[in-house]
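**Student:** Below is the sequence, then the predicted model.
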Amino acid sequence: MSLPGTFQAQIDAFLEYLIVEAGRSEKTAEAYCRDQEDYAHFLFGRGHDDFRAVQRQDLLDHLAQLRTQRRLAPSSMARKLSSLRNLHRFLVREGLTDQDPTADLEAPKASRTLPHVLSTEECHALLQAPDLSTARGCRDAAMLALMYAAGLRVSELVNLEVENLDFRQELVRVRGKGGKTRLVPVAPPALELVRRYLDCHRGSFLRAENEKGLFLTHLGRPMTRVNFWSLLKGYLAGAGLPPETSPHTLRHSFATHLLQGGADLRAIQEMLGHASLNTTEIYTHVSPEHLRETFENKHPRA
């Protein structure tokens, strides 16, 4: 049975985020998709046609049905709950609803996974991968440099408009999750690549004079998450970087490198657009070498 349009659209948007922005594997996305389609069919049977209309009791009844009728193991139930929790949190983060029926539901505790981070040398190799002698290479180099220099989410990067850049003050105005706007400083080398793209190559992609998007495809439309993920995979292979690297890896690397360079955690929180400092604290993982260097430089008895 096909799903009502609203359910399907919400699942599709979440899966795109999961693969492109969060960097999860296609296998994980397929498992989440199955979980959420089962959930949608259950809800539709109750007269709902939108995940945003779900009440906590609907969720609890669905989980009870899975447990009693399918006799799922505790580990499988935990994965089902994780899938549904991620879906509802995604809808809240995107500003589509302020209701999360999974809030405060108990789940098996799991160790927090540290984000995959590139070294500064690996970041340099990636940023050097595009061919600056071509319009496409210049555009891609500007995108990669700006994403790493400002710690942008891929959705924030592809949604940038030309007017969001302030070259004089070296800032970019970013519209983040929930429609919240923040100003992020950008290093001059990244801005120089963006200016070069604007001055020399954006016109070759432009098809409509009133197009406001900053980074355009060959069809003259703004880049999408999928477009960016596709081009990134090509550069990763060319630079010999780990295949698990995702667009979000550059954001993780931005935050980690700032912290290791001595940046204040709250300043990083503001630049990343995190609502809570707890989210930013995951970047306090640092290498033993950095810990040793910090101790020797800062401790009076070192």
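**Tutor:** That came through, no problem. As the structure is a computational prediction, the values presented were derived from the model and not from experiment.
**Student:** what residues does stretch 267-280 touch?
**Tutor:** 150-151, 174, 176-177, 180, 182, 184-185, 251, 255, 258-259, 265-266, 283 (Cβ atoms under 8 Å, 6 or more residues apart in numbering). For the C-beta atoms, the positions are set from N, CA and C on the backbone; glycine is no exception.
**Student:** And what about residue 101, helix, strand or coil?
**Tutor:** coil (DSSP: H, G, I helix; E, B strand; the rest coil).
**Student:** If you count neighbours, what's buried in stretch 148-161?
**Tutor:** 148-160 (16 or more other Cβ atoms under 10 Å).
**Student:** in stretch 239-259, what's buried?
**Tutor:** Residues of stretch 239-259 classed as buried by neighbour count (16+ other Cβ under 10 Å): 239, 241, 245-259.
**Student:** Keep only those of the residues you listed that are in helices.
**Tutor:** 239, 247-259 (DSSP state H).
**Student:** which of the residues in stretch 10-28 are buried?
**Tutor:** Neighbour counts over stretch 10-28 (16+ other Cβ under 10 Å) mark 10-11, 14-24, 28 as buried.
**Student:** where does the chain have low pLDDT?
**Tutor:** For the chain, the stretches with pLDDT under 70 are 1-2, 107-114, 284-302.
**Student:** What segments of the stretch 101-250 of the chain are helices?
**Tutor:** Counting by DSSP state H, counting those that start in this stretch, the stretch 101-250 of the chain has helices at residues 120-127, 135-150, 154-158, 188-200, 202-205, 225-239, 247-260.
**Student:** quick one: contacts for residue 255?
**Tutor:** 151, 268, 272, 280, 283.
**Student:** do residue 147 as well
**Tutor:** Going by Cβ under 8 Å, 6+ apart, residue 147 touches 154, 157, 247, 250, 251.
**Student:** ok, now which ones touch the second one?
**Tutor:** This means residue 157. With contact set as Cβ under 8 Å, 6+ apart, residue 157 has these partners: 143, 146, 147, 215, 223, 228, 247.
**Student:** Weed out the non-buried ones from those.
**Tutor:** Burial by neighbour count, 16+ other Cβ under 10 Å: within the contacts of residue 157 this picks out 143, 146, 147, 215, 223, 228, 247.
**Student:** May I see those arranged in JSON lines, with distance to residue 124 as well?
**Tutor:** Formatted as JSON lines, the buried ones among the contacts of residue 157 follow (distance: Cβ to Cβ, whole Å):
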{"residue": "143", "distance to residue 124": "16"}
{"residue": "146", "distance to residue 124": "15"}
{"residue": "147", "distance to residue 124": "14"}
{"residue": "215", "distance to residue 124": "21"}
{"residue": "223", "distance to residue 124": "23"}
{"residue": "228", "distance to residue 124": "20"}
{"residue": "247", "distance to residue 124": "18"}
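**Student:** Nothing else from me, thank you.
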